[in-house]
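Asker: okay, sequence plus prediction incoming.
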Amino acid sequence: MSDISLIIRTADRARKAEITVADTQTCGDVIQAAVDNWALPKETDYTVTNVSKSPPQTLNPATPLGKAGVAAGETLEIQPVLVAGGIPNGD
Amino acid sequence: MTERYQRHGLIDWFDQEKLRDARIVVVGAGAVGNEVLKNLTLLGIGHIHILDFDKIEEHNLTRCVLFREADIGQHKADVAASACRLIDPNVEILASNVDFWKGLSLGMVDEADAVVCCVDNFEARIGLNQLCSMTGTDFYNTGIDSRYSSVELFPFSTRPDCACYECPLPASVYTAIQRRYSCGPLRKVAFAEKKIPTTTITSSLAGAVVASMMLNRISSHAQALQDAVRHFQDSISLESTVSLIQRKEDCPACTSVDPQAIRLTAKRSCACEPIIPLADACDGDVVLSEPVLIRGTCKLCERHQDYYESARQITDAVTYCSVCSAQSVSTELVEKLPLAEFEKTFAGRSLPCKFLAYHADNRQIIVEMED
């Protein structure tokens, strides 16, 4: 296990921070930390995209950062999972 | 090619004939669905099937280019189809005013070049993702809010091993889905869906991106996307990202699908006949496409009622005993059961699910129910 320093930001880029976390922490842990620390809307679901990679990569929330290939200095963007668009739910 | 498509013909890679032969299924004819349908029709896609059970309300008119005030109260699929026929009478358009889970067979998905998901809930997206990955059909998922638009492509036709819609989903999505249910898979009678603010700006962005991705793939453009990707756009800053979606190795949705599965059909009403054609070789459980409510039994008065209906169609009102005036009814639901138990449970009854799956001789067999 080793620590890595990352930059995380929201999709609207209104929030941005440098964090140092263990590479065994999951991408979902990063999402949760952003939601908690920045008081992001809790009723929204989020995914995380490594925008420093070329091309950028949308990561699996259950995967540890190290295993997801996240390297020191890279930027992770917290993107909302968008649900609206059309027909309502079933009834 | 007619004069109508003359300007398309000036684009050297544009293949109007391939578009004319294309078959596209659009699920949801709301805000994004309208934009997708308008674009596909203008491009000259030859065959479009629209599915939407919903009817037009006044608030739809700010985001739906195909609807007019006089259409309020009409089925969205019917009105959208009529409007598209007026745009281009050469396009063959079928409208189905039903829930896609009932109106869209695996055969229809299989015949389609792509399915576009323009709904507003996770369950429908998960269901369409399943049908497309099972049949190896390209799946386009759309989502919007008041600021962002998101379009995801899952190119199952050329990359059956690509990530699926469920791979990047956080656990909170499944928690959110569960909030709609109070008793296993039974829906809450009263559940207020959160209304998400949207405008035509984000819906038209999503509609344009879907049409572009699809046009490029159908026309075999050299830069057409070949992997599972998400296009995410901020309509205020105008920043956008296109990201590769990582496959989740233990994704339950991906791992439950065998691209080499044998697909069969059976009459829903003939459970007494061999619904399972290779029953002798059946290895493991029979898995139903959705939970089926078998019976409800009151724990107080012990009265019971048989249902044998898809749990998706039933609310938690069945857990209330009118005799005891209490929520005292326990429910018996099945979704996965051994063959012998399956045969015993459904002997002489209709099977109220979309399909069932099982393994025989190391092959996955999927049997779709036909009415």
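Answerer: Sure, I can see it.
Asker: only C-alpha atoms for contact and neighbour calcs from this point on.
Answerer: Will do.
Asker: what's next to the host helix or strand of residue B:115, contact-wise?
Answerer: Secondary-structure assignment from DSSP states H and E places residue B:115 in strand B:114-117. Taking contacts as C-alpha atoms under 8 Å, 6 or more residues apart in numbering or on different chains, the residues outside strand B:114-117 that touch it are B:23-28, B:109, B:125, B:128, B:132, B:137-142.
Asker: residue closest to the middle of the chain?
Answerer: I went with chain A, as the question did not name one. For chain A, the residue whose C-alpha lies nearest the mean C-alpha position (C-alpha atoms, centre = their mean) is residue A:48; its distance is 2.9 Å.
Asker: chain B, not that one
Answerer: The structure's chain B has its C-alpha centroid closest to residue B:128; by C-alpha atoms, centre = their mean the separation is 2.8 Å.
Asker: for that residue, phi and psi?
Answerer: Recorded main-chain torsions at residue B:128 are phi -70, psi -40, according to degrees, to the nearest 10.
Asker: which residues touch it?
Answerer: B:117, B:139.
Asker: what strand or helix carries residue B:198?
Answerer: Per DSSP H and E: residue B:198 is located in neither a helix nor a strand.
Asker: number of nearby residues for it?
Answerer: Look at residue B:198: counted by other C-alpha atoms under 10 Å in any protein chain shown, it has 19 neighbours.
Asker: same thing with the one 4 residues further on?
Answerer: A total of 26 residues lie near residue B:202 under the criterion other C-alpha under 10 Å.
Asker: re the thing from before, roughly how far apart are the residue nearest to the centre of chain B and residue B:6?
Answerer: Summarising the geometry, the distance separating residue B:128 from residue B:6, computed by C-alpha to C-alpha, to the nearest Å, is 35 Å.
Asker: helices or strands up against the strand or helix carrying residue A:37?
Answerer: Residue A:37 belongs to helix A:27-38 when assigned by DSSP H and E. Counting by 3 or more C-alpha pairs under 8 Å, 6 or more residues apart in numbering or on different chains; DSSP states H and E, the packing neighbours recorded for helix A:27-38 are strand A:46-50.
Asker: wondering if the strand it packs on reaches chain B at all.
Answerer: Yes: contact of strand A:46-50 with chain B (C-alpha under 8 Å from any C-alpha of the partner chain) involves A:46-47, A:49.
Asker: quick one: low-confidence residue ranges for chain A.
Answerer: Applying pLDDT under 70 to chain A picks out residues A:85-91.
Asker: do a quick rundown of the strands in the stretch 1-150 of chain B.
Answerer: In order along the chain, the stretch 1-150 of chain B carries the following strands (DSSP state E, counting those that start in this stretch): B:23-27, B:47-51, B:92-96, B:114-117, B:138-144, B:148-154.
Asker: out of those strands, which is closest to residue B:231?
Answerer: Distance to residue B:231, taken as C-alpha to C-alpha, is lowest for strand B:148-154 among the strands of the stretch 1-150 of chain B, at 5.2 Å.
Asker: next secondary structure after the longest strand along chain B?
Answerer: Secondary structure assigned by DSSP state E gives strand B:282-298 as the longest strand of chain B. Heading C-terminal from strand B:282-298, the first helix or strand you meet, by DSSP H and E, is strand B:304-310.
Asker: list the buried residues of that next one.
Answerer: By neighbour count on 16 or more other C-alpha atoms under 10 Å in any protein chain shown, the buried set for strand B:304-310 is B:307-310.
Asker: and which of those residues is nearest to residue A:40?
Answerer: Taking C-alpha to C-alpha as the measure, residue A:40 sits nearest to residue B:310 out of those, at 36.9 Å.
Asker: how close does the closest residue to that closest one other than its chain neighbours sit to chain A?
Answerer: In space, residue B:310 comes closest to residue B:292 once its chain neighbours are excluded; the distance is 4.5 Å by C-alpha to C-alpha, 6 or more residues apart in numbering or on different chains. To chain A, residue B:292 is 17 Å away according to C-alpha to the nearest C-alpha, to the nearest Å.
Asker: and residue B:221, how far from residue B:14?
Answerer: To residue B:14, residue B:221 is 8 Å away according to C-alpha to C-alpha.
Asker: please read the previous query as pertaining to residue B:338.
Answerer: In this structure, residue B:338 and residue B:14 are separated by 52 Å, where distance is defined by C-alpha to C-alpha.
Asker: quick one, which of these two is more surrounded?
Answerer: Under the neighbour definition other C-alpha under 10 Å, residue B:338 and residue B:14 were set side by side, and residue B:14 has more, 18 against 14.
Asker: let me see the contact set for the more buried one.
Answerer: Taking C-alpha under 8 Å, 6+ apart as the definition of contact, the neighbours of residue B:14 are B:8, B:219.
Asker: do the same with the one 5 residues further on
Answerer: Contact analysis of residue B:19 by C-alpha under 8 Å, 6+ apart lists B:43-46, B:215, B:218-219.
Asker: the same query, at a cut-off of 7 Å, please.
Answerer: Applying C-alpha atoms under 7 Å, 6 or more residues apart in numbering or on different chains, one finds that residue B:19 lies in contact with B:44-46, B:218.
Asker: now swap in residue B:51 and tell me
Answerer: With contacts defined as C-alpha under 7 Å, 6+ apart, residue B:51 is in contact with B:26-28, B:77, B:95-100.
Asker: make it 6 Å
Answerer: Taking C-alpha atoms under 6 Å, 6 or more residues apart in numbering or on different chains as the definition of contact, the neighbours of residue B:51 are B:27-28, B:96-97.
Asker: which one among those gets closest to residue B:247?
Answerer: Ranking the contacts of residue B:51 by separation from residue B:247, with C-alpha to C-alpha as the measure, puts residue B:27 on top at 24.6 Å.
Asker: give me the neighbour count for that closest one.
Answerer: Other residues within reach of residue B:27 by the criterion other C-alpha under 10 Å amount to 27.
Asker: and what of residue B:320?
Answerer: 16.
Asker: quick one: it and residue B:304, what's the gap?
Answerer: Counting by C-alpha to C-alpha, the gap from residue B:320 to residue B:304 is 12 Å.
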